[in-house]
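> turn this into a model:
(one chain, ligands or ions: 1)
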Amino acid sequence: MAAVMMPGGPVADAVFADLGPRIEKLKENGHTPGLATVLVGGDDASARYVGMKMQKADELGCNSPHAHLSQDATTDDVMAVVREFNDDDAVDAMLVQYPAPPQVDFDAVLMAIDPDKDVDGIHPTNMGRMALGVPGPVSCTPAGIEALLAFYEIPVSGRNVVIVGRGVTIGRPLSLLLSQKRPTANAAVTVVHTGVPDWPRYTQRADIVIAAAGVPGILQPEHIRPGSVVVGGGVRYEGRKLLPDVDESCEEVAGWITPRVGGVGPTTIAMLFRNAVEAAERRSAP
Ligand SMILES: NC(=O)c1ccc[n+]([C@@H]2O[C@H](COP(=O)([O-])OP(=O)(O)OC[C@H]3O[C@@H](n4cnc5c(N)ncnc54)[C@H](OP(=O)(O)O)[C@@H]3O)[C@@H](O)[C@H]2O)c1
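As a prediction, the model looks like this:
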């Protein structure tokens, strides 16, 4: 029997519906939330992503100041823009679109972002806050996956969750989130990677498998338990073609599964705006 689909769109819509009145309240109190974006160079996909985020900011009634630096911009040039946004009271949150041209030290740029304005939640201070359970911007894709499971009322607490991949964007922060003591988390989490060559032994017993490897088709039907929950986080692009970690045939074995397109992606963007609005709320608090 085919698995029940868990598209990310309705999850994102619910998040945006919650953010709408909160944005209005901030505006009534004299502050329009501002999400700044920094784009370096002329990469088409990056320009599209930034454009999409600016358009969403506009739809939600947020400000979206933008800086576009040339392809030959230096690390210092990018840092100067980041510092300007750090000092700008109208900016609550900012993102520097990845990837940047090779001469730009992206890690150094990330370190320069004021952690309170780090909308992607990837600054070491925010990773630390998340590990400690202290409020702050939470890494967007992991937060989106937790929200997705909650939205579809997938029980997570007390269940056996296996994450394939320990990368800093998804696997590692997600393992921290889903093991925290919260009704939408509270799971027994196992993280597998290339150091665990017999990883299917773990995924085959899991209640929930989350693929976050960036290896197209790494998760096959024989790797999952019939009726289990499968979330596809990892993707690779070949040109504009999206190649997900989860093979399509898993839909015949899983009980619940994210679609190949429009699964985790929309929830990531929703979490970005949730982080931005929460940053604005924290900054506007008396
Ligand atoms: N859907 C979205 O909205 C969204 C957002 C952000 C990122 N992503 C995607 O998420 C993926 C993960 O990104 P990331 O930065 O967290 O991780 P990453 O740095 O790309 O690392 C990939 C992880 O997968 C593991 N891995 C790779 N091949 C494997 C194999 N054959 N067997 C077992 N484990 C394997 C690696 O193990 P080792 O550590 O041992 O090398 C590593 O831990 C990427 O594809 C990225 O494009 C999606």
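
> shaky segments in the stretch 101-250 of the chain?
Within the stretch 101-250 of the chain, no range satisfies pLDDT under 70.

> near the ligand, which residues of it?
Contacts of the stretch 101-250 of the chain with the ligand, taken as C-beta under 6 Å from any ligand atom, map to 141, 164-171, 193-195, 199, 212-215, 218, 233-236. All C-beta spots, glycine's among them, are computed from the backbone N, C-alpha and C.

> could you find the closest non-adjacent residue to Thr75?
Asp105 (4.5 Å; C-beta to C-beta, 6 or more residues apart in numbering).

> can you pull out the helices in this protein?
Using DSSP state H, the helices of the chain run over 9-28, 44-60, 75-87, 106-112, 124-132, 140-151, 171-178, 200-203, 264-284.

> mind putting these into a markdown table with mean neighbour count?
Formatted as a markdown table, the helices of the chain follow (neighbours: other C-beta atoms under 10 Å):
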| stretch | mean neighbour count |
| --- | --- |
| helix 9-28 | 16 |
| helix 44-60 | 15 |
| helix 75-87 | 17 |
| helix 106-112 | 15 |
| helix 124-132 | 16 |
| helix 140-151 | 24 |
| helix 171-178 | 22 |
| helix 200-203 | 18 |
| helix 264-284 | 22 |
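
> returning to what we had before: among the residues of the stretch 101-250 of the chain next to the ligand, which lie within strands?
164, 235-236 (DSSP state E).

> among those, which ones are buried?
With neighbours counted using 16 or more other C-beta atoms under 10 Å, those contain these buried positions: 164, 235.

> which one of the ones in strands among the residues of the stretch 101-250 of the chain next to the ligand is nearest to Arg48?
Closest approach to Arg48 among those (C-beta to C-beta): Val235, at 15.2 Å.

> wait, isn't that closest one in contact with Val246?
No - using C-beta atoms under 8 Å, Val235 makes no contact with Val246, being 9.6 Å away.

> might you report the residue contacts of Gly165?
Gly165 sits next to 171, 191-193, 211-214, 233-234 when contact means C-beta atoms under 8 Å, 6 or more residues apart in numbering.

> just the closest of the residues you listed to Arg205, please.
Once C-beta to C-beta is applied, the member of these that ends up nearest Arg205 is Val192, at 11.7 Å.

> quick check: Asp43 vs Glu278, distance?
29 Å (C-beta to C-beta, to the nearest Å).

> would you confirm that Gln268 contacts Ser139?
Careful, residue 268 is Thr and not Gln. No - with contact defined as C-beta under 8 Å, Thr268 does not reach Ser139; the gap is 9.6 Å.

> OK, now which residue of this structure is nearest to the ligand?
Gly167 (1.8 Å; C-beta to the nearest ligand atom).

> give me the nearest residue to that residue, chain neighbours excluded.
Sequence neighbours aside, Ala212 is the residue nearest to Gly167 in space, at 6.3 Å (criterion: C-beta to C-beta, 6+ apart).

> how about the residue lying closest to Arg166 once chain neighbours are set aside, what does it touch?
In space, and not counting its chain neighbours, Arg166 is closest to His193: 4.7 Å by C-beta to C-beta, 6+ apart. Contacts for His193 (C-beta under 8 Å, 6+ apart) come out as 164-166, 171, 199.

> you'd agree Asn160 is up against Val209?
No - Asn160 is beyond contact range of Val209, at 9.6 Å (criterion: C-beta under 8 Å).

> what about these two, which has more around it?
Ranked by neighbour count (other C-beta atoms under 10 Å), Asn160 and Val209 place Val209 first, with 28 against 16.
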